[in-house]
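> here's a sequence, model it:
(4 chains)
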Amino acid sequence: MTGNRISGPLHDVAGEAGHDDHPPRVGFFTDTSVCIGCKACEVACKEWNAVPEDGLDMLGMSYDNTGSLGANSWRHVAFIEQPRSTGRQDPGFLGLPTGPTGTSIMAEAVGPRLRDSERGGSELGTGPLDAPKAESEHPVQELGMPAFARPGDATGAEGRTDFRWLMASDVCKHCTHAGCLDVCPTGALFRTEFGTVVVQQDICNGCGYCVSGCPYGVIDRRPHDGRAQKCTLCYDRLHGGLEPACAKACPTDSIQFGELDELRERADRRLAQLHELGVGEARLYGRDPDDGVGGDGAFFLLLDEPEVYGLPPDPVVPTRDAPSMWRRAGAAAAAFALAGVGAFVSAAIGARR
Amino acid sequence: MTEREGTSHSDTERVGEAAAQAENRDIDQRVAPPAEPPEQSSEEGSIGREAQLFQGSGLGRRRRRGGRGRGEPTVVPDAEFRSYYGRPVLKAPVWEWKIAAYLFAGGLAAGSSVVAAGADLTGRPALRRAGWLGSFAALLASLYFLVSDLGRPERFHHMLRVLKPTSPMSVGTWILSVFGPGVGAAAVRELVPRRWRRTWPARLLDRLARPLGLSAAVTAPGVASYTAVLLSHTAVPGWNEVRDELPFVFAGSAAASGGGFGMLCAPVEEAAPARVFAAVGAAGELLAAKRMEQRMGLIGEVYRHGKVHRLRRASEVLTLAGLAGTVLVAGRSRSGAAASGLALLAGSALQRFGVFEAGMESTKDPRYVVVPQRERLAAREARAAVAPPDPG
Amino acid sequence: MGSNMAEAHPVGFQWVVEAKARGARVIHIDPRFTRTSALADTYVPIRAGSDIAFLGGVINHVLSNDLDFREYVAAYTNASFLVREGFQDTEDLDGLFSGYDAETGTYERDCWQYQGADEEREEPEGASPDSPAGDDDSGMDKERTSPLGHGASGAPLRGVSNIATDPTLEHPRCVFQILKRHYARYTPEMVARICGTPLEKFRAVCEAWTANSNRERTSALVYSVGWTQHSVGAQYIRAGAIVQLLLGNVGRPGGGVFALRGHASIQGSTDVPTLFNLLPGYLPMPTAGSHESLDAYLDDLRSPTQKGYWTGADAYLVSLLKEYFGDNATAENDFGYDWLPKIDGDHGTYRTVMDMVDGGKVFGYFLLGQNPAVGSAHGKLQRLGMANLDWVVVRDLAMIESATFWKDSPEIETGEISPQTCRTEVFFFPAASHVEKEGTFTQTQRMLQWREKAVEPTGDQRSELWFFYHLGRRLRERLAGSTDPRDEPVQKLDWDYQVHGDEPAAEDVLRRINGYDTTTGEAVDSYLDLKADGSTACGCWIYSGVYAGGVNQAARRKPHDAQGAYDRQWGWTWPANRRVLYNRCSADLEGRPWSERKKLVWWDADEGKWTGDDVPDFPATTPPGYEPPPEAVGPEALRGDDAFIMQADGKAWLFAPHGLLDGPMPTHYEPHESPVPNMLYGQQGNPTRKVYGRTDNPSNPAPPEQHREVFPFVLTAARLTEHHTAGGMSRQLPYLAELQPELTVEVSPELARIRGLTHLGTAHVVTSRAAVQARVMVTDRMAPLHIDGQVVHQVWMPYHWGGSGLVTGDVVNDLLGVVADSNVFIQESKVATCDVRPGPRPRGAALTAMLAETRARAGVTVETGTRIATASGVPHVAHTDDDTDDTDDTDDTDDTDDTDDTDDSDDSDTDGDTDETAGNSAGEQP
Amino acid sequence: MGVRQWLESWPVYRQLTGPDPLGRGAAAQSPRYAAMRPRTESADRVADSVCPFCAVGCGQRVFVRDEKVVQIEGDPDSPISRGRLCPKGSASLQLVTGPQRQEKVRYRAPYATEWTDLDLDTAMDMVVDRVLDARERGWQEHDEHGNRLRRTMGLASLGGATLDNEENFLIKKLFTALGAIQIENQARI
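Residues are numbered from 1 along each chain as shown, chains lettered A, B, ... in the order given. Presented below is the predicted three-dimensional model:
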């Protein structure tokens, strides 16, 4: 019960939260190197938790039509197309008459248009719904094109050769120090005996503070319902000794559920194995108990920088700075009080004078 | 690029293989060039910039949009920044304008209560009456804003289920629940019609009002400043990054608005303390805000552009004008006092809306999340490079 | 190759991922970079429709470098058999084999026969259920009969013991040498020219594949409908099988040719067929003329002198008739054989639909969980056909496009259909779902798994079992008093199934499919128990054993972690619960495993029988070195090394002397619609492909025709993980619809630039049949190819969208015309040519006009694409009329594996290393 | 509820008296969440099934409560799928319980612009009439060479790849007895 209660490594999260005789901490290890992007996790989660559909819109982000985690999507599979290859993969397009990579085209079409939506595209299901204006107005033109480009037209030094398609299933991180949980004023968010973080739907009054408290942009308030929603790591299933729905469904075991200590060991072994195989860019994300959130209960093996997957590179639980913030606030309050007292005292002095 | 890749391996030591690390760098170096869009040259202009976007920059947009708010050159080189299709990393706060209004109303309630309590103690009945009534009205308004912004307003009372030191909103709720009754009692006493004053409840109220009011005034500094922590204690870059100055900005703003309200409602002769309070508050707010702007890194962009910039510039002008008016004319002219008070009130309100909006804006572009964190990591790595990690 | 396993069979792909984790190398050969490619070690691009050239290149690599598994090849394949002298190869005839008749577009196939065999000439039949389609109408009247009359039995051969062989494989006319010559020009350079596969990539595949195939190691080959849905589809699979046979990868653990099929029981609906040319168990439907009597039918089905288990065909058919007609089937009336209707040509679904369009031939149509308005090629033809019927019965879970065509098909907009003028009566019957009925599905590895009923269906929802049982009951009541002989079979039908309430008992049906002794009523234990004397009844002989011991073996569910390798106590796999077919090949000639690492079954000399981890696929007590007496027939005639026990000669066929209509060896032909000429031969496409030259079925021009620049791009279509086939089971579900909400067309950045397409913009894809609108997905995953010095672009579309459901879109299948493989009548829907244009497509009359204009510009007439012979030395005849050219046809099934499929994508996996990879591999690996 | 009980149910009280002073765990837990169990536990029965989508044949377990399907998930015992399901398989619950499921027979008369309802029994009889009529009209006893055909071309059927073996068996058997030969399914598509 001492130390690192609000930040830093903390071994016994559940115990710290007052759970005596609690089971071991559990979590997810998501090995994105074997993710096939099937989205079974998204669907299995929704079926089990009766999470509503999050919008039937096409987002144009490769095969990602979910966009992000949110109130109505507790698992989100990211798809990233990149002009490079992974580890021992051969360059897929070597020797083809390719031009420059077009992977930028998607982001160019998607990113700028997100900003005009109300919350900048951070809510689910927002994206460029309509065809780009300039183009949809194109008349249907008769194309007197020659059928084939001449050989070499599209070749050259700039030709793309390497390609890889990263897929990764994102989920609530169930942080050791959870920003959402810390700021929740009702106790709706709580640390379970399994060390996970869950919103109690019978308590939440939808203040929305947790939405801003989360350094990963995971939790969100569900429109029309008004309550905050996120992955519960299938709290009900855990009570029954079952693994969470997403991990159970995952066809390639990209999503692994288990005791966190064991998962961390497994992840370390997997990382070493990939490094041995020449996949040098593999790295673990959220595994480190020394990070800004004390390590994640759900952590990942990634093949690129976290931000490429839409993850913050160095998240910090805001609570870490709470003491200093309160000190500053205290000073400001003191100044305020002093000003108040001073005002009347000075007025009194002035009046006497 | 290599360096950046390296930093991401915060656990390379854990891997424990220098060789593996070298290999990583090797690989990264090899694959890096194609990852960079070929057209870096300036002639490609916006296209080249947009090309960055596929690794996700929101910069192109910022530049264009920034045009409205006179875009200054950015500090961070583009190539450093990648994101997921330019999608935000964080969720924009779900809070609406009501929360900004709450910030203002809460500050006003706190400021006014201090003015009222002081007036009570120093025998300034008009100022006292105005103060308590203003404080109470602001308090009611703030409660309305707060509750109606809830997803489930009928569950407002769940706020009192727990007392969480880690939750500024919980702390604030409990502060308000001490502050509120005092203000209420004092204000209600001001409202008791003359003909009821002799009844025993009125007499009881009369007796209790002062201590209760004073208790409210004692908690008022907390009410005035906790809202800054409320905003800063989030992952929202536009709020979190300004955590050191924001309490002073908000406390000053609360004082300015409380004093300003006193100036607006009370006769000049009674309002001297209100003027001082307002002036000190306004000055403090302006100084703190200036300091805040100077210290901000990349996040400063959101404060310097667009709607946020306009709101806060207007706030600054109004507060400055109010301050000048307070010092120069409010002691002599009732209308001058009223105008100054109004200017301060408006300035305070706009400050809150501006800061609120800055937070909203800062979540919409992943750059504000990623770049500072990257810099932090780079700095950490640099430190680590200087002082090799403890082998333990 | 030809399979996008990670996307179309994600859960099966877990075994690939696991194999990869254990060190297997995964190679994906596909026209586009898919989610399978993303997980593969090597992605190899290929032009859609050029797989035989690629595989032929691999065969050439193997043969010209002596990399074949010689012991295996010599012992278990027909490599050493000599072919008749008159045989001429495509090398000699500009892409044709000897025996071609340009008038009919068919082959006289006698000249492909072995030397010494079958001198009297014979009708085919006789391959195994898992061996190449057998048929051969040589000697028959081509105008009228068809090899369709031969079920899946391979080819019957007479005088198999007389076949000349050369064990040294040196004789110029031995299969091995013929094969070598046939593929000699399929050099890596040629492969690169035809397929667009870079030379180095191709060489790498060859090296990986051969290096990983030997005594110690095996490689698996996975395909799906990316191989079957071609005008040369059956030969694609043959080509893959030849590679695997040459490398010794058939019948061994971790080897094989895996067909990943697309529907829950599509394998079952082929085994217990709802197919026009088959009776259950790959017995052929009787053919008019040649199968006038039971004896004639049986004689045609198997030769009394051949080897293998097809000699038991009499028992299989008689037992089927006993099941059909019960006590009414007697020896005296040939067990009711005469009551079976006869076929005489192509009665496939596309032929039928054209008959519907033409009117006056077909009046009523049942659609049973199928949505042809979206899911079949040339959707417009499908819808116009249905709109020209008297009535349609649709049975489905949800309202689908094929039920509502009269009010919301795309033809409403063009005025070709309107509710006020459409006379078709439509009955929609809500169907019970898979949890509301019990029964078995047969999955892609031939495993039957029983489903328990979880809940009762609600309202009018009923199972198909209920519907057809009661439809039959009512029909029988109606016809009970009839004296018309044509009603006899209905009257005589044994329709007496057990019922639970009014629901027929599926277990009883399954028991009778399994077969039983007609005197005792006891279930038989295997097809070896079936008799030709009427003392047994059996609905599907290959399923015999599924109810062995009176127990529903398909319902067995012993947990996989509670039993050994091969999970033999989970479900039941036909035949005989055998998990790996032809597993005799896993042992060497002496019956010893080729290696300890790759052992599966072996000869136990002490016990005097075959044993192992799997059920041995060989006569249990026939020793490895056994030489049968010359008079032996059937199973007794199998030598100790005749591992392919369903083949008439006991060998795997590198060269198919019978059974295929379009050649004894796979040959690269360009797709029906192709942007390039065939670089190997003057013969452009499959010279026997089934074309339907009709004004409502136009083809885009292909070389040597002019104006192919109007449709310069290669179009291919396939599935997405997130949807299922025509969308009836996925577009209606919010959780799936939201994952892929809109129809897209995927193009490379290069093509986008050429055609002015913007990401997320709208474009329309145009063929001579239709224009289909879609959102543009510009992606690096698509890449242009160098084809013989030209840059060829490919475009890809998923085909799941239609007019109903939560998410809707144009029907991609409308883009396709109907042209089919001559062997199995599967349409070529994996490749066509097209144009892509920016912006939305025209609508209504403007659409019709645009298409007409486009056709005119391309010079498309009814003859376009129908001159199927283009080789020099033969007349180039247009085959336009669809009436009488029913000459070529067949049955399905293929070598070493299952056959045709559903709908899917192109690509493939060659999995190296030890373990099998396919999802259909039931279970743990050794 | 006594005052004491009420007080003890107040998390603040539990914070002050229990091991969770910060109110982030045990103290904040609601009774409902403390008692939460997986809904599969309360199923009346579980049926072993097989996924109806593709041909891999993944095992499914169907949980039933009050004669309603409440959950469908992978069967971990299956050697084919080991309990896993793809997105389509995972959506099976929605497939069988969703509002898209039709429950009533619908009938569209010739030239009608809308569906009408029809009684199942009547519909079956109407289909019987039509089958007999189409069979009659399309009947072919012999071909032009006098060979026996004994079949009808008036009827066709498409479908079966999504159906059970037993169902396909009856379909083929009945149609064959009727003389209908144009019986096809997805296997040729």
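
> checking the nearest residue to C:Val160 once chain neighbours are set aside next. Helix, strand or coil?
If the residues on either side of it in the chain are set aside, C:Val160 comes closest to C:Asp649, at 4.8 Å by Cβ to Cβ, 6 or more residues apart in numbering or on different chains. For the C-beta atoms, the positions are set from N, CA and C on the backbone; glycine is no exception. Assigned state for C:Asp649: coil (three-state reduction, DSSP: H, G, I helix; E, B strand; the rest coil).

> pretty sure C:Asp649 contacts C:Ile163?
Yes. With contact defined as Cβ atoms under 8 Å, C:Asp649 counts as touching C:Ile163 (6.7 Å).

> find residues that contact each of those two.
Residues touching both C:Asp649 and C:Ile163 by Cβ atoms under 8 Å, 6 or more residues apart in numbering or on different chains: C:81, C:114, C:117, C:157.

> looking at those, which is nearest A:Gly102?
Nearest to A:Gly102 among those, counting by Cβ to Cβ, is C:Phe81 at 52.7 Å.

> between C:Asp649 and C:Ile163, which one's more packed in?
Set C:Asp649 next to C:Ile163 and count neighbours by other Cβ atoms under 10 Å in any protein chain shown: C:Asp649 wins out with 26 against 21.

> state the pLDDT value of that one.
Listed pLDDT for C:Asp649 reads 91.

> show the contacting residues for it.
C:78, C:81, C:114, C:117, C:157, C:160, C:163, C:306-307, C:642.

> from chain A, how far out is it?
Separation of C:Asp649 from chain A (Cβ to the nearest Cβ, to the nearest Å): 42 Å.

> picking that back up, tell me which of the shared contacts of C:Asp649 and C:Ile163 is nearest to chain A?
C:Phe81 (39.5 Å; Cβ to the nearest Cβ).

> list phi and psi for whichever residue of the stretch 51-200 of chain B sits closest to chain A.
For the stretch 51-200 of chain B, the residue closest to chain A is B:Gly151, as judged by Cβ to the nearest Cβ, at 1.9 Å. Dihedral pair for B:Gly151: phi -70, psi -30, per degrees, to the nearest 10.

> check which helix or strand covers the residue nearest to it when sequence neighbours are not counted.
Excluding the flanking residues, the one nearest B:Gly151 by Cβ to Cβ, 6+ apart is A:Gly206, at 1.9 Å. Using DSSP states H and E, A:Gly206 sits within no helix or strand.

> only the C-alpha atoms, please, for the host helix or strand of C:Arg351, written as PDB.
For C:Arg351, the element it lies in under DSSP H and E is helix C:349-358. Extracted C-alpha coordinates of helix C:349-358, given in PDB (Å, rounded to 0.1, in the frame of the first residue of the first chain):
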ATOM      1  CA  THR C 349     -27.600 -23.600 -64.200                       C
ATOM      2  CA  TYR C 350     -26.500 -21.100 -66.900                       C
ATOM      3  CA  ARG C 351     -28.100 -23.200 -69.700                       C
ATOM      4  CA  THR C 352     -31.300 -23.300 -67.600                       C
ATOM      5  CA  VAL C 353     -31.300 -19.600 -67.000                       C
ATOM      6  CA  MET C 354     -30.900 -18.900 -70.800                       C
ATOM      7  CA  ASP C 355     -33.800 -21.200 -71.300                       C
ATOM      8  CA  MET C 356     -35.800 -19.100 -68.900                       C
ATOM      9  CA  VAL C 357     -34.900 -16.000 -70.800                       C
ATOM     10  CA  ASP C 358     -35.900 -17.600 -74.000                       C
END
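
> report the buried residues of that helix.
C:349-357 (16 or more other Cβ atoms under 10 Å in any protein chain shown).

> in terms of secondary structure, what does that helix contact?
Helix C:349-358 is packed against helix C:379-386, strand D:148-158, strand D:180-184, with contacts defined by 3 or more Cβ pairs under 8 Å, 6 or more residues apart in numbering or on different chains; DSSP states H and E.

> whichever helix or strand B:Val317 is part of and chain A in contact?
Element membership of B:Val317, judged by DSSP H and E, is helix B:306-328. No. Helix B:306-328 lies apart from chain A when judged by Cβ under 8 Å from any Cβ of the partner chain; the minimum separation is 11.1 Å.

> looking at pLDDT only, which of the contacts of C:Asp649 scores worst?
Within the contacts of C:Asp649, lowest confidence goes to C:Leu157 (73).

> where do the strands sit along chain D?
D:45-50, D:59-65, D:68-74, D:106-108, D:116-117, D:139-142, D:148-158, D:180-184 (DSSP state E).

> what about the shortest one, average pLDDT?
Okay, so that is strand D:116-117. pLDDT averaged over strand D:116-117 gives 98.

> let me have the helices and strands packed on helix C:349-358 in a markdown table, extended by mean pLDDT and distance to C:Cys195.
A markdown table is the format used below for the helices and strands packed on helix C:349-358 (pLDDT from 0 to 100; distance: least, Cβ to Cβ, whole Å):
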| stretch | mean pLDDT | distance to C:Cys195 |
| --- | --- | --- |
| helix C:379-386 | 97 | 30 |
| strand D:148-158 | 97 | 35 |
| strand D:180-184 | 97 | 33 |
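
> so D:Arg45 bridges to which residues?
D:Val64 (DSSP bridges).

> correct me if wrong: it contacts D:Val64.
Yes. With contact taken as Cβ under 8 Å, D:Arg45 and D:Val64 are classed as touching, separated by 5.2 Å.

> so between these two, which is more surrounded?
Taking neighbours as other Cβ under 10 Å, D:Arg45 and D:Val64 compare with D:Val64 leading, 18 against 12.

> coming back round to it: mind checking how far the helix holding B:Val317 is from the chain centre?
Computed by Cα atoms, centre = their mean, to the nearest Å, the separation of helix B:306-328 from the middle of its chain amounts to 16 Å.

> which helices and strands does the very next helix or strand once past it pack with?
Using DSSP H and E, the helix or strand that follows helix B:306-328 in sequence is helix B:334-364. Helices and strands touching helix B:334-364, by 3+ Cβ pairs under 8 Å, 6+ apart, are helix B:97-121, helix B:200-232, helix B:237-240, helix B:246-265, helix B:272-295, helix B:300-304, helix B:306-328.

> of those, which approaches chain D most closely?
Among those, the nearest to chain D by Cβ to the nearest Cβ is helix B:200-232 (16.4 Å).

> tell me what angle the closest one forms with helix B:97-121.
130 degrees (axes from the mean of the first three to the mean of the last three Cα atoms, to 10 degrees).

> list the contacts of whichever residue of the stretch 151-300 of chain A sits closest to chain B.
Nearest to chain B in the stretch 151-300 of chain A, going by Cβ to the nearest Cβ, is A:Gly206, at a distance of 1.9 Å. Residues near A:Gly206 by Cβ under 8 Å, 6+ apart: A:221, A:226-228, B:150-152, B:155.

> quick check: domain ranges of chain D?
Split into domains by automatic domain parsing, chain D comes to D:3-35, D:39-97, D:138-185.

> export those domains as JSON lines, with columns for distance to C:Asn212.
Putting the domains of chain D into JSON lines (distance: least, Cβ to Cβ, whole Å) gives the following:
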{"stretch": "domain D:3-35", "distance to C:Asn212": "54"}
{"stretch": "domain D:39-97", "distance to C:Asn212": "25"}
{"stretch": "domain D:138-185", "distance to C:Asn212": "34"}
